[in-house]
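In: How does the following fold in three dimensions:
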Amino acid sequence: MINSNTLVLGIGNTLLCDEGAGIHALHLLQSDYPEVPGLVYVDGGTLSFTLANYIEDCDQLIVFDAAEFDRPSGTVRTLVGDAMDQFFGAAKRSPHEVGLLDLFDIARLTDTLPARRALIGIQPANMDWNTQPSAAVSQALPQAVAAACDLLQAWQVLEPIAPVETRAGLKATPGESAAPLL
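Out: Just a heads-up that it's a prediction; the model follows:
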C-alpha cells in the first residue's frame, strides 16, 4: 500500500435536495470505510478557500459533487485528471465548479495540484428545498461510491475486494470498472 494522503472531498448544500449529492456520497463512503490509513474525508460544504490547504497537502484527490452533464437524473460520471480539468474549464459552470477551479488554480500556482485527481459527479434531478436527495440521486449514490472505491483500489489506498459472490464461495465474473482508473 502507498502510504500517502488521499483526500475525499464532498461538496454541496444538503438543504437543497440533490445539490447535496456530494456530501451524501462522502458520508456513504465514509460509513463503508471509516478508518483507512492515509485516507482523509472532508465535508467541503459549499466551498471556501480554507480547503486550499487540504488540496495542497494531499497526494491524491477525489471530489464528489452534483454536476450538470446534460444526462438523465442520477447519471454518475467519473472524470479523471485532464478530463476533470477540461470539465471545469467548460463555459457552463456551477458555483461549486468555479470554486473548485479557483482552488485548483491556487494549487497550480504553488505546484501542489495532485497528479491523481478525479471528479465523481452525479446528475441532479431536483435543487429545491429538501434535506433528502431525490430518488434518482439516492439510487445513484452506491454507484458513485463504487466508482470511488475503484479509484482508491487502483491508487493502492484500498485493498482490492472480492465480489460478494466470490466471498460466499461462488464463482463470479469480474465486471468492468465504473471509472477510468489512472
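
In: Contact partners for the nearest residue to residue 75 once chain neighbours are set aside?
Out: Of all residues not flanking residue 75 in the chain, residue 123 sits nearest, at 4.1 Å (CB to CB, 6 or more residues apart in numbering). Quick note: C-beta positions are derived from backbone N, CA and C, even for glycine. Each residue near residue 123 by CB atoms under 8 Å, 6 or more residues apart in numbering is listed here: 66-69, 71-77, 136, 140.

In: Filter these down to the ones in helices?
Out: Taking DSSP state H, the ones among the contacts of residue 123 that sit in helices are 136, 140.

In: ranges for the strands of this structure?
Out: 6-10, 39-43, 60-66, 76-80, 116-122 (DSSP state E).

In: Show me the shaky parts of the chain.
Out: Residues of the chain that meet the criterion pLDDT under 70 lie in 1-4, 90-98, 161-182.

In: Look up the residues forming beta bridges with the residue minimising distance to the centre of it.
Out: Centroid check for the chain by CA atoms, centre = their mean gives residue 64 as the closest residue, at 2.9 Å. Residue 64 forms beta bridges with residue 10, residue 120, as assigned by DSSP bridges.

In: Quick one: neighbours of residue 107, just the number.
Out: Counted by other CB atoms under 10 Å, the residues lying close to residue 107 total 18.

In: likewise the one 10 residues further on?
Out: Around residue 117 there are 24 other residues, counting by other CB under 10 Å.

In: any idea how far it lies from residue 15?
Out: Separation of residue 117 from residue 15 (CB to CB, to the nearest Å) stands at 27 Å.

In: List the contacts of stretch 100-108.
Out: Counting by CB under 8 Å, 6+ apart, 11, 47, 49, 51-52, 55-56, 63, 65, 85, 88-89, 93, 113-114 sit against stretch 100-108.
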